[in-house]
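A.B. asks: Here is the input, now give the coordinates:
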Amino acid sequence: MITREKEELLRYYNEGLTLYKLRKWSDAEKMFEKALSIIPSDGPSKLYLDRSRNFMQNPPSEDWDGVFVMTTK
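C.D. replies: The predicted structure is shown next:
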């Protein structure tokens, strides 16, 4: 059974992921922050929060397909 907290986290995470894919980095950042305010240790929310912040500073090319390409190991 899913907890109430996890359900709320998933709502914010999924909204953030949708915004992320639409290149709305600032709005996505807010949703991932809300998710992390519920469960601060949530790895996926932390990952996409970092990526959203990175893309705000260094936007991907116009033909970006939503895939994140690692440049270092």
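
A.B. asks: Next secondary structure element downstream of the strand or helix carrying residue 10?
C.D. replies: Counting by DSSP states H and E, the element that carries residue 10 is helix 4-21. Using DSSP H and E, the helix or strand that follows helix 4-21 in sequence is helix 25-38.

A.B. asks: Now the element after that next one, going C-ward?
C.D. replies: With DSSP H and E, the next secondary element past helix 25-38 is helix 43-57.

A.B. asks: what residues are up against residue 55?
C.D. replies: 23, 25 (CB atoms under 8 Å, 6 or more residues apart in numbering). For the C-beta atoms, the positions are set from N, CA and C on the backbone; glycine is no exception.

A.B. asks: what does the model give it for pLDDT?
C.D. replies: On pLDDT, residue 55 comes in at 93.

A.B. asks: And it, how far from residue 64?
C.D. replies: Using CB to CB, to the nearest Å, residue 55 is found at 9 Å from residue 64.

A.B. asks: gap between the residue positioned nearest the centre of the chain and residue 12?
C.D. replies: Centroid-nearest residue in the chain, with CA atoms, centre = their mean: residue 48, separated by 3.1 Å. From residue 48 across to residue 12, the span is 11 Å (CB to CB).

A.B. asks: Common neighbours of these two, please.
C.D. replies: Between them, residue 48 and residue 12 share these contacting residues under CB under 8 Å, 6+ apart: residue 32.

A.B. asks: For this structure, which residues score under the pLDDT cut-off?
C.D. replies: 68-70 (pLDDT under 70).

A.B. asks: Please name the residues that touch residue 28.
C.D. replies: Per CB under 8 Å, 6+ apart, neighbours of residue 28: 16-17, 19-20, 48, 52.

A.B. asks: same thing with residue 20?
C.D. replies: 28, 48, 51-52, 66.

A.B. asks: Residue 61 now?
C.D. replies: Residue 61 neighbours (CB under 8 Å, 6+ apart): none.

A.B. asks: Next one: it from residue 30, what distance?
C.D. replies: Residue 61 is 24 Å from residue 30, by CB to CB.
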